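1. what follows is a predicted protein model with its sequence.
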Amino acid sequence: MSRLRVRALVLAAGRGERLRPLTDELPKPALPVAGRPLASWTLDELSRLGCEAAAVNLFHLGERLRERLGESHRGMPLRYSPETQLQGTLGALAPLREFLADCDAVLVVNGDSLCRWPLRALLERHRTTGAAATLLLASRAEPSRFGGGVRVAADGRLLALRRGALVAGAARRGVVFAGAQLLAPRLLARVPEGPGDLVTGLYEPLLAEGEVLQTLRTRRSWHDLGTPRRYLDGALERALTALPENGDWRGPGSEVARTARLRRVALETGARIAERAHAEEVLLLPGAQIGAGAFARRVLLGPGAELPAGARAEELLLTRGADGNLVETPLGHGELA
């Protein structure tokens with residue numbers, strides 16, 4: 001059988017409210033991860049899959065994301081879909097209906113998640129089952145942190161998408177939806193104009209009509225970078241992959257004093273750590289600094305933020321305020337209770 005032709009939509013139009021104040025100047029999909037915009041890691045995977053073209057929807061600070069991603073990625077054309085009002089995961093498809101319909105399968109993927117997406121396996125699952133839609137599930141993610149997870153049958157069929165939904169048949173415990181899904185192009189005809197979300201506007205009606213929705217589980221590491229803590233964890237994991245245990249990653253122009261002690265630290269462009277400083281599980285964004293003799297554990301420093309000499313910080317997001325002063329936000333800000 002010939003290879004399926006795929007086109008994609010990268011969802012990148014959220015406000016990034018739980019990551020504020022980091023997202024006051026950059027949209028979440030443009031935040032740096034190992035020297036590159038977060039969304040570019042997903043575009044890598046789309047290119048490897050052989051995706052013909054990808055659309056990216058834009059809203060909050062959208063032009064800044066477009067500037068960082070450009071008009072193509074590794075030869076794959078990019079198309080941008082600006083939104084003057086947030087359209088949601090379903091509404092984002094309506095302006096792109098013709099663009100996405102010209103293929104055999106439509107891939108929709110979150111632009112604020114970090115994963116080595118198993119897209120070939122997802123596509124094969126979608127092709128062989130003939131399902132209307134096929135969703136990727138993250139087996140290693142904790143459902144309680146993501147609203148309880150979705151419910152699936154032993155054969156992988158999707159049974160319910162929300163906690164408390166009535167389920168016919170035996171369902172396994174909740175599994176977290178990982179933010180990647182393949183749709184049959186015929187479903188685009190069901191997409192209404194205006195805001196809406198895929199769960200209530202498409203998937204739940206399909207299930208009610210008896211349509212088969214399938215899933216694929218992955219044990220690959222998956223991070224939703226929607227909060228400071230998740231951003232720190234995901235960015236560190238990606239930057240430090242393949243490095244020695246407790247090593248550090250240093251971007252262009254970054255500097256670390258010889259007497260500084262580091263354990264699992266990533267420094268983006270131009271970041272600096274001064275003499276006798278101690279940093280453990282710390283991410284420094286471009287231009288951030290840790291002063292002489294300072295101590296930081298489980299800290300995310302925003303662009304240009306500086307932890308003063310001799311200061312101590314733990315479990316914090318540190319950003320530079322409009323007045324130049326340091327702003328402290330708990331690292332757990334935005335997490336579900």
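-> Yep, that arrived. Since the structure is predicted, the reported quantities are computational estimates derived from the model, not experimental observations.
2. low-confidence ranges in the stretch 151-300 of the chain?
-> Within the stretch 151-300 of the chain, the stretches with pLDDT under 70 are 162-173.
3. can you show me the helices along it?
-> Along the stretch 151-300 of the chain, counting by DSSP state H, counting those that start in this stretch, helices occupy 198, 204-208, 228-240.
4. so for residue 252, which of these sits nearest?
-> In terms of Cβ to Cβ, the element of these nearest to residue 252 is helix 228-240, at 13.4 Å. In short, each C-beta sits where N, CA and C put it, glycine included.
5. same for the closest one, what does it pack against?
-> Judged by 3 or more Cβ pairs under 8 Å, 6 or more residues apart in numbering; DSSP states H and E, helix 228-240 is in contact with strand 32-33, strand 113-115, strand 222-224, strand 248-250, strand 261-267, strand 278-284, strand 295-301.
6. I'd like those strands as CSV, with mean neighbour count and distance to residue 154 appended.
-> Below are those laid out as CSV (neighbours: other Cβ atoms under 10 Å; distance: least, Cβ to Cβ, whole Å):
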stretch, mean neighbour count, distance to residue 154
strand 32-33, 22, 36
strand 113-115, 25, 24
strand 222-224, 22, 22
strand 248-250, 20, 41
strand 261-267, 22, 39
strand 278-284, 24, 38
strand 295-301, 23, 39
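7. as JSON lines, those strands with distance to residue 22 would be great.
-> Below are the helices and strands packed on helix 228-240 laid out as JSON lines (distance: least, Cβ to Cβ, whole Å):
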{"stretch": "strand 32-33", "distance to residue 22": "11"}
{"stretch": "strand 113-115", "distance to residue 22": "15"}
{"stretch": "strand 222-224", "distance to residue 22": "15"}
{"stretch": "strand 248-250", "distance to residue 22": "19"}
{"stretch": "strand 261-267", "distance to residue 22": "15"}
{"stretch": "strand 278-284", "distance to residue 22": "11"}
{"stretch": "strand 295-301", "distance to residue 22": "8"}
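8. out of the ones you listed, flag the one nearest residue 9.
-> Nearest of these to residue 9, taken as Cβ to Cβ: strand 113-115 at 13.8 Å.
9. helices or strands next to the closest one in the packing?
-> helix 38-49, strand 176-183, strand 222-224, helix 228-240.
10. and the helices of the stretch 151-300 of the chain, which is most packed in?
-> Burial of the helices of the stretch 151-300 of the chain is given as mean neighbour count (mean count of other Cβ atoms under 10 Å); helix 198 ranks first at a mean of 24.
11. tell me, how many residues neighbour the closest residue to residue 193 other than its chain neighbours?
-> Leaving aside its chain neighbours, residue 193 sits nearest to residue 94 (5.3 Å; criterion: Cβ to Cβ, 6 or more residues apart in numbering). The number of residues packed near residue 94 is 16, by other Cβ atoms under 10 Å.
12. got phi/psi on residue 94?
-> Torsion angles at residue 94 (phi, psi; degrees, to the nearest 10) stand at phi -60, psi -50.
13. is it true that it touches residue 194?
-> Yes - using Cβ atoms under 8 Å, residue 94 is in contact with residue 194, at 7.5 Å.
14. residues that sit against both of these two, list them.
-> residue 87 (Cβ atoms under 8 Å, 6 or more residues apart in numbering).
15. for residue 320, which of the helices and strands packed on helix 228-240 is the nearest?
-> strand 295-301 (9.2 Å).
16. pairing partners for that closest one, with directions?
-> Sheet pairing of strand 295-301 (DSSP bridges) gives strand 278-284 (parallel), strand 312-320 (parallel).
17. and those as CSV, adding distance to residue 67?
-> Converted to CSV, the strands paired with strand 295-301 look like this (distance: least, Cβ to Cβ, whole Å):
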stretch, distance to residue 67
strand 278-284, 23
strand 312-320, 22
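18. and of those strands, who's closest to residue 39?
-> Between residue 39 and the strands paired with strand 295-301, the shortest gap by Cβ to Cβ is with strand 278-284, which sits at 17.7 Å.
19. what lies in contact with that closest one?
-> Residues from elsewhere that reach strand 278-284 (Cβ under 8 Å, 6+ apart): 231-232, 235-236, 239, 254, 260-268, 271-273, 290, 294-301.
20. distance between that strand and the chain's centre?
-> Averaged C-alpha coordinates place strand 278-284 at 22 Å from its chain's average position (Cα atoms, centre = their mean, to the nearest Å).
21. need the CA coordinates for it. CSV is fine.
-> In CSV, the C-alpha atoms belonging to strand 278-284 read as follows (Å, rounded to 0.1, in the frame of the first residue of the first chain):
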residue,chain,number,x,y,z
HIS,A,278,25.7,26.2,43.6
ALA,A,279,22.9,25.2,41.2
GLU,A,280,20.8,21.9,41.2
GLU,A,281,18.1,21.3,38.6
VAL,A,282,18.1,24.8,37.3
LEU,A,283,17.2,26.3,34.0
LEU,A,284,18.6,29.7,33.0
